[in-house]
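1. Below is the structure, and that's it, no one-letter string:
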């Protein structure tokens, strides 16, 4: 009554869940910021609301420059219709997984990206925006283009070579024949693929031919054999077939490549 303090009353609140939620947010923020991929969030009006360091690395915009801007700053004009279709799919409850497309950097450079896009929902389950993860696949695309160009050069050379060329995978099945081979047999590539080519081998030679092929293929050895192969006009011609194993850059076995030449005249001689 006279204002003298007789004691203290303490009120204790359990904030364990709050602390756990804060820790989870901190972990999430750390993951987002440390990711090499671009992690971008946008609202329903397609305005950028979130931008991580990975997005700045890939697209060149700082967070201050990007947040508040329309997502179309990253989309080439010719692909705006593609973005509209993506948004329609997302608003219908769908999700985008590993969609490959192109995006635009601050410097105006096109970047190949693989997109994963999902909805952002509030506590009531309502969609408030979308989160986009963009993985830069430019180097992979360049490697694929270089490989394709290399294959095209190989096929150009192979199709003009004066020998019959074939290739087989690790399962012993043939995957390629050059145009001179097809011209020689008079058969289509579809007919020759797999084990189809053996249909043109002379009945008296086919067993020995396949036995040699299988034995040396399994031992990864170079082989050389002669057999009669049916020409487009029905005549069987002696061919010398030489096969050698192929290996990938990591030295893993990739199959065989071989060349065959018509040696009928020398056999007759």
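-> Yep, it's here. As the structure is a computational prediction, the values presented were derived from the model and not from experiment.

2. Give me the distance between the two termini of stretch 48-56.
-> Taking Cα to Cα, to the nearest Å, stretch 48-56 runs 13 Å from one end to the other.

3. quick check, distance from that stretch to the centre of its chain.
-> Averaging C-alpha positions (Cα atoms, centre = their mean, to the nearest Å) puts stretch 48-56 25 Å from its chain's average.

4. what mean pLDDT does it have?
-> The pLDDT scores in stretch 48-56 average 92.

5. Go through that stretch and flag the buried ones.
-> Buried positions in stretch 48-56, judged by neighbour count with 16 or more other Cβ atoms under 10 Å: 48-56. Using the backbone N, CA and C atoms, a C-beta is placed for each residue, glycine as well.

6. Low-confidence regions, the protein specifically.
-> By pLDDT under 70, the weakly predicted segments of the chain are 1-34.

7. And the strands in it?
-> 38-43, 48-51, 96-104, 110-121, 127-136, 164-168, 174-177, 223-230, 236-247, 253-262 (DSSP state E).

8. any chance of the ones you listed in TSV, with distance to residue 186 too?
-> Output for the strands of the chain, formatted as TSV (distance: least, Cβ to Cβ, whole Å):
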stretch	distance to residue 186
strand 38-43	54
strand 48-51	62
strand 96-104	41
strand 110-121	43
strand 127-136	48
strand 164-168	13
strand 174-177	12
strand 223-230	9
strand 236-247	12
strand 253-262	14
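
9. Could you count how many residues lie near the closest residue to residue 205 other than its chain neighbours?
-> Nearest non-adjacent residue to residue 205, counting by Cβ to Cβ, 6 or more residues apart in numbering: residue 227, 4.0 Å away. By other Cβ atoms under 10 Å, the residues close to residue 227 number 23.

10. Specify the stretch among the strands of the chain that is closest to residue 65.
-> Nearest to residue 65, of all the strands of the chain, is strand 48-51, at 8.6 Å by Cβ to Cβ.

11. on that earlier part again, who's in contact with the residue nearest to residue 205?
-> Residue 227 is in contact with 201-202, 205-206, 208-209, 238-239, 241, counting by Cβ atoms under 8 Å, 6 or more residues apart in numbering.

12. May I ask you to name the longest helix in this structure?
-> When the chain is scanned for its longest helix (criterion: DSSP state H), the result is helix 138-160.

13. for that helix, which positions count as buried?
-> For helix 138-160, the neighbour count (16+ other Cβ under 10 Å) marks 141, 158 as buried.

14. and that helix, what does it pack onto?
-> Counting contacts by 3 or more Cβ pairs under 8 Å, 6 or more residues apart in numbering; DSSP states H and E, helix 138-160 packs against strand 110-121, helix 179-185.

15. what sits up against the shortest one?
-> Right, the one you point to is helix 179-185. With contacts defined as Cβ under 8 Å, 6+ apart, helix 179-185 is touched by 158-159, 161-166, 188-189, 192, 197, 200, 229-232, 260, 262.

16. Show me which residues of that helix are buried.
-> Using 16+ other Cβ under 10 Å as the test for burial, helix 179-185 gives 180-182, 184-185.

17. Repeat that for the longest one.
-> Using 16+ other Cβ under 10 Å as the test for burial, strand 110-121 gives 111-117, 119-120.

18. Count the neighbours of residue 220 for me.
-> Residue 220: 12 neighbours (other Cβ under 10 Å).

19. Touching, it and residue 245? I think so.
-> Yes. Using Cβ atoms under 8 Å, residue 220 is in contact with residue 245, at 4.8 Å.
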